[in-house]
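S.K.: Show me how the following folds:
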Amino acid sequence: MSDKKWKSSLVSSSLPLEHEVARILVAKGFSVEADYTYARDDAGRLKDFPVDINATGYSPFNDPNQVDGMLELLVECKGCDRAGARDYAAFLGFFFLEPS
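M.R.: Below you'll find the predicted structure:
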């Protein structure tokens, strides 16, 4: 594969955005897992669904010795071509769980 072809394929994928989102989340104190799969009920059957990033953080974020909740983010990164330009978007779902 030529240099131009692999570079073009990489830039046209969502990988640059996934990397940037993961980098920001880690800097904010989240633990990040890429290419995460979770199970969800789909018409009465459990099915596996992939997501680009699973990030877990514990609040308060400014004190790692005290935990009063957990925040889990499921992030899906997408790219699309418009008028010769590449646009990106990150979609996320989140869950906030209080420890029992």
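
S.K.: residue boundaries of the strands in this protein?
M.R.: All strands of the chain, identified by DSSP state E, fall at 31-42, 45-59, 69-82, 85-97.

S.K.: helices or strands next to the first one in the packing?
M.R.: Packed against strand 31-42 by the contact rule (3 or more Cβ pairs under 8 Å, 6 or more residues apart in numbering; DSSP states H and E) you find helix 15-27, strand 45-59. For the C-beta atoms, the positions are set from N, CA and C on the backbone; glycine is no exception.

S.K.: And the second one, by the same measure?
M.R.: Other helices and strands packing on strand 45-59, by 3+ Cβ pairs under 8 Å, 6+ apart, are helix 15-27, strand 31-42, strand 69-82.

S.K.: Residue 48: which of those is closest?
M.R.: When those are compared by Cβ to Cβ, strand 31-42 sits nearest residue 48, at 5.0 Å.

S.K.: Could you check the angle the closest one makes with strand 69-82?
M.R.: Relative orientation of strand 31-42 versus strand 69-82 (axes from the mean of the first three to the mean of the last three Cα atoms, to 10 degrees): 80 degrees.

S.K.: just to revisit the earlier point, any idea which of the helices and strands packed on strand 31-42 gets closest to residue 73?
M.R.: strand 45-59 (4.3 Å).

S.K.: Now render the helices and strands packed on strand 31-42 as a markdown table, adding mean pLDDT.
M.R.: Below are the helices and strands packed on strand 31-42 laid out as a markdown table (pLDDT from 0 to 100):
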| stretch | mean pLDDT |
| --- | --- |
| helix 15-27 | 89 |
| strand 45-59 | 90 |
